[in-house]
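Enquirer: Any chance you could fold what I've pasted below:
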Amino acid sequence: MRLDDLRTPPLALVLALGVDDVQEAKIKDVFAHSRPPMELISRPCLDDAKDALKSRGRKRSVRASLRESRGGAGASGVRLDASGGEYADQRARGTSSDSTTELGGHRRSVNLRGILRRRWLTKHRRERASVVMAVIENESLENEVGTRRALESSLERLYGLAHNAGAACCVVVVARGPGLPDYLPEDKAVVIRQTLRVDNRSIVTLNTAQGQDWSRAARVAQELSVKVYEGECERMTALSEESACPAALRVRYMFKAGAYAEFRGDWTTAARRYRASYEAIPNVTQDMSPQDIIETLEVSEVLHVKLCVLLLHSGSPTEAVRQIEEHMRRWSKSPLKALPREALPMFHQWRATQYDVFGDLLDARMPSPAPMGTPRTHLPAFYFHAAARCSVERRRAFDDVADASDAPTLDVKVEPGSFVGQMKIAGTDDEPLSAEQYVVYLRVKDTRDDISRETIELLTKAHEHYKTNAAGLIGARSFAALICELADEYLHAGDYESAQKLFNTVAVVYRREHWKELLCSVLMNLKACATALRDEEAYLNICLEMAALGDETTEHAAAALAAALAAMNEACDEDEDTPTITCEENLGNLFILKAGFSSVDCVPGEPVQFHVALRSNLAGDVKVTHIDVDFTEPDAYEWSDSTPRTLRLKEWNKLSFEVVPKCGHICEAYSLTLTLDSGYELVLPINNQTSDCTAANRDYESLPASVLKTRIKTHVLDVSDAPPRATISIRTPDGPALVGEMSRVVVTVMSVADELEEAELVLAVTENDQPSKHVQILTDEGDEIKAGKIIIGDVALHAKWTGMICLRWTGECPPAALHASLTAKRTGARMTEKFKDKPRTAPVENVAQISCDDPFVVKRAYLPAYRQSPLVLQEDKCSKSPPLGTMLATLHVGGPTEIALDGVQSYDTKDASNEAAVTKTETSVDATLQKGDAFLHIIPLRAQEHGEDSIRVKWHRAHGDSRCKDGIPTIILNEYRLPNVTGSKPPLVVELKCPPKLFIGEPFTYEVRVTNTTTLNHDIKIAVTDSAGFVFSGYRRTTMYVPPLSNASLYLLLVPVSTGEMMLPELALSAERLSAKFVPPIESRRVYVRPTH
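Expert: Numbers count the residues shown, from 1 in each chain. The predicted structure is shown next:
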């Protein structure tokens, strides 16, 4: 059976008679959109039914058929899976026995030549219609005798043909014009009913003038097809359930019952029938013939595919996976034992087909790419891979047979028989092959190239599906193993180039993951490819790589090294040029190399030690005649050692020599060359990896202590642009400066080993790696040094130049850095072609940390009017700024030295000419301030918008400074800005009044005055909350009315009863209109009570 017919659900087939091309197109469109859809075949005339409908014999009960079979002379009963010979010989001779034989519980007679007919399903899908739709014109049912009789005769013949074919009938009466009702009149309908034996529902009217379509006719045809297929399904089921039904017939009947259930869209019943048919297939036994075993396997494949299609169609991929697992478990062992060696390739081909078909079924229904977490057994690639492995076993079985004997000659042509799994002699009516002919057919039907091609196709499918549908579901080793299998198949097929390409891909993964055993097997295959392709270079590289794989592959490594040395000796005899092999990438593990200079710091002309430590990983002795270290500038640097050596496995060889760096030339070692006794040169690159001996290096664990002691640091010494050999020293003799002062800095330049011509010194000050804005570089006279550049001039060898600069600190800043950079004119070896655009040498640099102290730290405070407390609302943003009063500026001495003040003055920052804003504080030169001392400067608040003030402080060091002249100290002027002051105008101001002097026992008047600055009247509630220390007379709680822009007072009579510092009674004032409560602060209530005289 065709796999395409098995993979897709069958559709009901309808035969339409008497339709033209236009009607056919309309009917097909309606059938295609029906649910479920239907297939259509059509003929233009009713009389064409005899060609379209084929009669079929009605099956009687199985028991009756068997009785008839036993009574006749031609009856024979040999089981389907008999091993041979009897039934095969009978079919070959065309004879039969008089008795029925049963072996292994599986019966077959000559009347049952096979289980499933190969074309049965295709025939019912495309030829055997379940419904015959007769389309007739309305005019043919008129009362004209001739026309009517002709129609009745055609319908009578149609009924007979449809009945013999097992199809139901329906009629569509078409009217070209108006007047045809929805239901045909009785006088016309009775003719159709009596002739075709149908009911009124099977008669459909169609009026094309009213735009009616074929939907109603499609519904009637669908109902009739369901009824026909349901009847056939029940009939096949009944036949299979008879007790006398042999296993082969039960398989056939249940398969047909399942197909009929599929035709009518009953997937559940179809799955049950297919399952029963599948389970009825007898197992393979040792006494079955190869033909019967193959037929059994292919019948099981048909039923297995139908089951999987239905399970996947119903959304049960897990059940489908379980079905394929059970299917392969059932049929994978017993046929392997029962089949002869010549049939094993056919058996493995069948196994590969099972996995391949199931993978295609999954691929058609699974999303792509597969969701994360999808089990591997639910991926199509898993089954494509399994099919490929079965195909590999098929090739091996084929090679086993081909190696044992030569291919025989088949004397007949072979083609598929009428039944699934059977082969016949071509041109005959199912004449079977003899047992010998069948074995020869199995031997010659395959070729090795065909098997390899199919295997490669399966592996390629698995590879492509895994790439797109298995992200995160398959590891690198599994994926590489799949590619390796594909490459191996290309190798067996003789496609060495494709095999080499794929093996190289796999080798990359195995090298990265350090899977040496797997890599060794891949390299052996690559060696075979290189041998076949005559690629000598690749062959040599592969042998060398195998020779260095290590302990896991010792046997192969030693043989590979021997082959590599032999290939080298042979190549050198033929080639005059010196062959070279670069030990990097795949050959990077041949040796462990550590090479480099022991110091990073160097100067031209001074020797530096270069160390080489080399260990061989090759599985054998390698004789070396020369060792050379190659530099990037061979004209300036070179080193070679011609001492013969033998490099042994895992043995360290250490060398060292001196290199003298030359000014104007980069001293960089880039490779180590080993010259073998065969003449081959092995080039080992020297790079950052080979000059790294730290713990982070991958080779650190294998390095011995003797190598670590060499302290290899770098393989590059860049002295091509080395600075002059000179030094710069910076010192500050006066110590840290104060802001505003000029501090001296002494700079000394000394020539150590180079003369300096037209030397220049560039100075710069940075703060946090940024140019400083608070430090100025000046000369000793106080002039600014532009760009910090100082011309030194020529400095002789070992001579010294000393200069002095000053730094002025204009503001407080964090610790700064003074950078000094010295350059000279490039001459001699320093002026090469490389530096023709750079007239000056590289700089000699030095950095010194400098710092300063701030002589003063200014803080601000406020002193409000005496005993006045404003009511400040919560939303007033200026609540911290009093309307009037005094601002106090406190200056704290912060420097580490003694300071004398020469004057303190404040002024309006925005208007320095405003004399009313100028405030001075008297100072005394004799007063000396030390660190931690402080003094006050008072600034009266001028108005609500007071503005911003600045304070200028003149001072000098009390004991003089380094820049004193004639004993007169240097006067420094520092300026400090105070924050802007913005006063607020409170709505209410509370003032507490009492006599300045209070005596115990003497009464006095305590006035509480509230000033209203708003245009609204306020009721102020006043409560005395605490009067400890006083006896008072007056209201404890009262309400006072305060007019707009006016004031009101509350008077209390108090008598102090204690002496000393006391607090006037605590008051709480509430302004209801402002929803605010106010308690005057403690400072405004503090008084001192004296005793009486």
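
Enquirer: Alpha carbons of the helix or strand Ser153 falls within, in CSV - could you do that?
Expert: Following DSSP states H and E, one finds Ser153 within helix 145-165. Provided in CSV are the C-alpha atoms of helix 145-165 (Å, rounded to 0.1, in the frame of the first residue of the first chain):
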residue,chain,number,x,y,z
VAL,A,145,-43.8,8.7,-22.7
GLY,A,146,-40.6,8.2,-24.6
THR,A,147,-38.4,10.4,-22.5
ARG,A,148,-39.9,9.1,-19.2
ARG,A,149,-39.4,5.4,-20.2
ALA,A,150,-35.8,6.1,-21.3
LEU,A,151,-35.1,7.7,-17.9
GLU,A,152,-36.8,4.8,-16.0
SER,A,153,-34.7,2.3,-18.0
SER,A,154,-31.5,4.2,-17.2
LEU,A,155,-32.4,4.4,-13.5
GLU,A,156,-33.2,0.7,-13.4
ARG,A,157,-29.8,-0.2,-14.8
LEU,A,158,-28.2,2.3,-12.4
TYR,A,159,-29.8,0.6,-9.4
GLY,A,160,-28.6,-2.8,-10.5
LEU,A,161,-25.0,-1.6,-10.9
ALA,A,162,-25.0,0.4,-7.7
HIS,A,163,-26.5,-2.5,-5.7
ASN,A,164,-23.9,-4.9,-7.1
ALA,A,165,-21.2,-2.4,-6.2
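
Enquirer: can you give me the strands for the stretch 51-200 of the chain?
Expert: 131-137, 168-175 (DSSP state E, counting those that start in this stretch).

Enquirer: Dump those strands into TSV; add distance to Thr646 and mean pLDDT as well.
Expert: Where you see a C-beta, it was placed from the backbone N, CA and C, and this is true even at glycine. Listed next are the strands of the stretch 51-200 of the chain as TSV, based on distance: least, C-beta to C-beta, whole Å; pLDDT from 0 to 100:
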stretch	distance to Thr646	mean pLDDT
strand 131-137	94	90
strand 168-175	97	89
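
Enquirer: Out of those, flag the one nearest Tyr680.
Expert: Minimum separation from Tyr680 across the strands of the stretch 51-200 of the chain (C-beta to C-beta) falls at strand 131-137, 85.1 Å.

Enquirer: Pairing partners for that closest one, with directions?
Expert: When pairing is defined by DSSP bridges, strand 131-137 lines up against strand 12-17 (parallel), strand 168-175 (parallel).

Enquirer: just those: most buried one?
Expert: Of all the strands paired with strand 131-137, strand 12-17 has the most neighbours on average by mean count of other C-beta atoms under 10 Å, namely a mean of 25.

Enquirer: next one: it to chain centre, how far?
Expert: Distance, stretch centre to chain centre, for strand 12-17: 55 Å (C-alpha atoms, centre = their mean, to the nearest Å).

Enquirer: do stretch 1055-1072 as well
Expert: Centre to centre, stretch against its chain (C-alpha atoms, centre = their mean), the figure for stretch 1055-1072 is 77 Å.

Enquirer: Could you check it and say which residues are buried?
Expert: For stretch 1055-1072, the neighbour count (16 or more other C-beta atoms under 10 Å) marks Pro1056, Thr1059, Met1062, Leu1064, Pro1065, Leu1067, Leu1069, Ser1070, Ala1071 as buried.

Enquirer: and this structure, what are its domains?
Expert: Following automatic domain parsing, one finds the domains of the chain at 1-75+111-245, 283-445, 475-577, 585-718, 726-853, 856-982, 988-1090.

Enquirer: right, and those domains - which one's nearest Arg252?
Expert: Each of the domains of the chain has some distance to Arg252 by C-beta to C-beta; the shortest is domain 1-75+111-245, at 5.6 Å.

Enquirer: Give me the distance from that closest one to the chain's centre.
Expert: Relative to its chain's centre, domain 1-75+111-245 lies at 59 Å (C-alpha atoms, centre = their mean).

Enquirer: again with stretch 649-664
Expert: What separates the centre of stretch 649-664 from the centre of its chain is 45 Å, taken as C-alpha atoms, centre = their mean.

Enquirer: Now do the buried residues in it.
Expert: Of all the residues in stretch 649-664, those buried under the rule 16+ other C-beta under 10 Å are Leu649, Trp652, Asn653, Leu655, Val659, Pro661, Lys662, Cys663, Gly664.

Enquirer: Same question for stretch 587-603.
Expert: Under the neighbour-count criterion of 16+ other C-beta under 10 Å, stretch 587-603 has 587-597, 602-603 buried.

Enquirer: now do stretch 627-640
Expert: Within stretch 627-640, the residues scored as buried using 16+ other C-beta under 10 Å are Ile627, Asp628, Val629, Asp630, Phe631, Ala636, Tyr637, Trp639.

Enquirer: Among those, give me the pair with the biggest separation.
Expert: Farthest pair in those (C-beta to C-beta) is Ile627 and Ala636. Separation: 20.0 Å.

Enquirer: Which stretches in the stretch 1-150 of the chain count as helices?
Expert: Taking DSSP state H, counting those that start in this stretch as the criterion, the stretch 1-150 of the chain carries its helices at 3-7, 21-32, 49-52, 62-71, 85-93, 120-126, 145-165.

Enquirer: helices and strands around the helix or strand Val707 falls within, which ones?
Expert: Secondary structure assigned from DSSP H and E places Val707 in helix 705-708. Applying 3 or more C-beta pairs under 8 Å, 6 or more residues apart in numbering; DSSP states H and E, one finds that helix 705-708 makes contact with strand 652-659.

Enquirer: Contacts for the strand it packs on next, please.
Expert: 597, 607-615, 627, 629, 637, 639, 641, 645, 647, 667, 704, 706-707, 710, 717 (C-beta atoms under 8 Å, 6 or more residues apart in numbering).

Enquirer: Let's see which of the residues you listed end up in strands.
Expert: Among the contacts of strand 652-659, the members found in strands (DSSP state E) are 597, 608-615, 627, 629, 639, 641, 645, 647, 667, 717.

Enquirer: how much space between Ala824 and Tyr1088?
Expert: 80 Å (C-beta to C-beta, to the nearest Å).

Enquirer: If you could redo that for Thr727, that was the one I meant.
Expert: Distance, Thr727 to Tyr1088, by C-beta to C-beta: 72 Å.

Enquirer: who's more crowded, these two?
Expert: Neighbours were counted for Thr727 and for Tyr1088 using other C-beta atoms under 10 Å; Thr727 has more, 14 against 11.

Enquirer: Confirm that that one lies within a strand, as I assumed.
Expert: Yes: per DSSP: H, G, I helix; E, B strand; the rest coil, Thr727 lies within a strand segment.

Enquirer: Report the spatially nearest residue to it, omitting neighbours in sequence.
Expert: In space, not counting the residues next to it along the chain, Thr727 is nearest to Met750; the distance is 5.0 Å by C-beta to C-beta, 6 or more residues apart in numbering.
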